[in-house]
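S.K.: sharing a model prediction with you, sequence too.
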Amino acid sequence: VQLVESGGGLVQAGGSLRLSCAASGGTFSPYPLGWFRQAPGKERVFVSAIVWDSGRTWYADAVKGRFSVFRDNANNTVTLLMRSLKPEDTALYYCARGISTSVSMWPRDYGDWGQGTQVTVSS
């Protein structure tokens, strides 16, 4: 499956952005769809995940309470709504589909990746 992210951009601290991940050539189900981010010079880290079939969600502590992930059945996309953004949220954001049905926070457990979309939060 091919994944394409969209919706990144430049926003001031305290603002919001909505990222979307669209799938082609396959479906998200039954695997988890994860969001990761990578800041310059740092490792790629887990942000959030959702299981398409159940709608169950997971969040990293750094974004809990500020970010929401949800599925859009009509458009076959997964959206990451980011609110109260902070400069430390600045990174390249990726969506990825899990290689098994178990939800993982590790990038190695995800096989199909999008190209990434840049999020920059100014102070």
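M.R.: Received the coordinates, thanks. Residues are numbered from 1 along each chain as shown.
S.K.: who touches the most centrally placed residue in the chain in this structure?
M.R.: Central residue of the chain (C-alpha atoms, centre = their mean): Trp35, 2.5 Å from the mean position. If a contact means C-beta atoms under 8 Å, 6 or more residues apart in numbering, then Trp35 has Leu19, Cys21, Phe46, Val47, Ser48, Ala49, Val69, Leu80, Tyr93, Tyr94, Cys95, Ala96 as its contacts. Where C-beta positions appear, they are placed from N, C-alpha and C, glycine not excepted.
S.K.: can you rerun that using 6 Å?
M.R.: Val47, Ser48, Leu80, Cys95 (C-beta atoms under 6 Å, 6 or more residues apart in numbering).
S.K.: name the nearest residue to the last one, ignoring sequence neighbours.
M.R.: Translated: Cys95. Nearest non-adjacent residue to Cys95, counting by C-beta to C-beta, 6 or more residues apart in numbering: Cys21, 3.5 Å away.
S.K.: return the distance of the one you found relative to Pro40.
M.R.: Taking C-beta to C-beta, to the nearest Å as the measure, Cys21 falls 22 Å from Pro40.
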